[in-house]
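*Asks:* Need the 3D shape of this:
(one chain, ligands or ions: 1)
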Amino acid sequence: MNLAETPRQHIDRLWARGRALLGTETAIMGGAMSWVSERNLVSAISNAGGFGVLACGSMGPDLLAAEIEATQALTDRPFGVNLITMHPELDALMDVCQRLGVGHVVLAGGLPSGVAIRRLKDGGAKVLCFAPATALARKLIKLGVDGLIVEGAEAGGHIGPVSTSVLAQEILPEVADAVPVFVAGGIGRGEAILSYLEMGASGVQIGTHFVCATESIAHPNFKAAFIKANARDAVPTVQVDPRFPVIPVRALRNKGTDAFMETQRTVIARHQAGELDQKAAQLEIEHFWAGALRRAVIDGDVETGSLMAGQSVGLVREEQPVRVIIDTLIAQAEAALASRAIPATPGATAPRTAPPEPVA
Ligand SMILES: Cc1cc2nc3c(=O)[nH]c(=O)nc-3n(C[C@H](O)[C@H](O)[C@H](O)COP(=O)(O)O)c2cc1C
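*Replies:* Below is the predicted model of the structure:
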């Protein structure tokens, strides 16, 4: 750290490119969470100096338009919209974003097409995409994305196989000079934010930590489950048979996750008995979780609903306003920096630790 600057100035220098891309005070993105990241949480994150992202999920164009307009009524600050690339009405959703002047679109759920990226950019939006590997990060940069999100397996929701720390080491040195990169997955303290910024990230994306924000509309049962949970309770869904693939989702273990295992075994047994063909069996497995996140987040069914949560859930101890969450993260990063600073003695440039004794 340059001794002429305060810890906050240092952090602002580290995430300057992220802030410039997002147009925010801090380069902390509130990762879109289906059902949770609606107008209230998104506007609260943006109003507190972060960057809220609306989760479109399975909404159609009219619902999305209403949610964008409601968010715009609650904040004058920038926020983004997360669109799932395999949504059947993706084109219409992109048109809604353009018509309503959404400045940033995050494309999630698979590699987006160059056509989709170009269309959004031609409409004036900045485009951010998830990069699960260096080769894909390079490909997305060639396709013209403005920023990348690198999300590791510690995260809540749909996950890849590689941890955040390894992905960050793999991808940041290769592409962080080309576009701003935001690291996501398992971030629950400011020291972690600082370390990823020092590795070359331009910002971070956080989901789990914002679920229990006062402004989040998640059901009290959902928040209580988060506050009670430890890191080890947030586990990926398990696939019991390689012939029937299951996209891993990290969520708190409950009766639903146990029942999912049982359902897979029963469905596979019915397939083996000739009752169901391969396709029907796969569909039955995939449909198990239909509506399950909504049931947990909105209706408060924490027994059989899906409690999607990242491992950082163990660091969530209480319900707090978004502003307190963001300020606490920044204070932790600042304290970590301050603890490294050399006491200012005029004329002295002493190293922080004594040099090693020469070996005889
Ligand atoms: C309940 C929940 C729902 C999520 N839904 C989505 C989603 O709809 N689209 C998406 O791109 N990511 C989704 N995510 C991932 C978040 O946007 C974010 O990248 C992730 O939570 C970051 O990791 P963390 O949970 O460790 O903070 C979801 C995460 C959670 C916990």
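*Asks:* drop to CA atoms for contacts and neighbour counts, all remaining ones
*Replies:* Noted.
*Asks:* List the contacts of the residue of the stretch 201-350 of the chain found nearest the ligand.
*Replies:* The shortest separation between the stretch 201-350 of the chain and the ligand is 3.3 Å, found at residue 207 (distances taken as C-alpha to the nearest ligand atom). With contacts defined as C-alpha atoms under 8 Å, 6 or more residues apart in numbering, residue 207 is in contact with 30-33, 155-156, 310.
*Asks:* What of residue 318?
*Replies:* Applying C-alpha under 8 Å, 6+ apart to residue 318 gives the contacts 212, 227.
*Asks:* Can you name the helix or strand that it falls in?
*Replies:* Residue 318 is located outside every helix and strand, with elements delineated by DSSP states H and E.
*Asks:* can you give me phi and psi for it?
*Replies:* phi -160, psi 170 (degrees, to the nearest 10).
*Asks:* Show the pLDDT at it.
*Replies:* The model reports residue 318 with a pLDDT of 98.
*Asks:* now residue 110
*Replies:* Among the per-residue scores, residue 110 holds a pLDDT of 89.
*Asks:* filter the contacts of residue 207 down to the ones near the ligand?
*Replies:* Restricting the contacts of residue 207 to those touching the ligand (C-alpha under 6 Å from any ligand atom) yields 31-33, 155-156, 310.
*Asks:* Most neighbours among these, please name it.
*Replies:* The most neighbours of any of those, using other C-alpha atoms under 10 Å, belong to residue 310, which has 33 neighbours.
*Asks:* That residue reaches residue 159, doesn't it?
*Replies:* No - applying C-alpha atoms under 8 Å, one finds residue 310 not in contact with residue 159, separated by 9.6 Å.
*Asks:* list residues touching both of the two?
*Replies:* Contacts common to residue 310 and residue 159, judged by C-alpha under 8 Å, 6+ apart, are residue 250.
*Asks:* Take the contacts of residue 207 and lay them out in CSV including distance to residue 98.
*Replies:* Listed next are the contacts of residue 207 as CSV, based on distance: C-alpha to C-alpha, whole Å:
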residue, distance to residue 98
30, 21
31, 21
32, 19
33, 21
155, 29
156, 29
310, 32
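*Asks:* Looking at those residues, which is nearest residue 320?
*Replies:* Proximity of the contacts of residue 207 to residue 320 (C-alpha to C-alpha) peaks at residue 30, which lies at 14.8 Å.
*Asks:* Mind checking which of the contacts of residue 207 land in strands?
*Replies:* residue 30 (DSSP state E).
*Asks:* list the contacts for the residue lying closest to residue 132 once chain neighbours are set aside?
*Replies:* Residue nearest to residue 132 in three dimensions, not counting chain neighbours: residue 150, with 6.3 Å by C-alpha to C-alpha, 6 or more residues apart in numbering. For residue 150, the set of contacting residues under the criterion of C-alpha under 8 Å, 6+ apart consists of 130-132, 164, 167-168, 171, 181-184.
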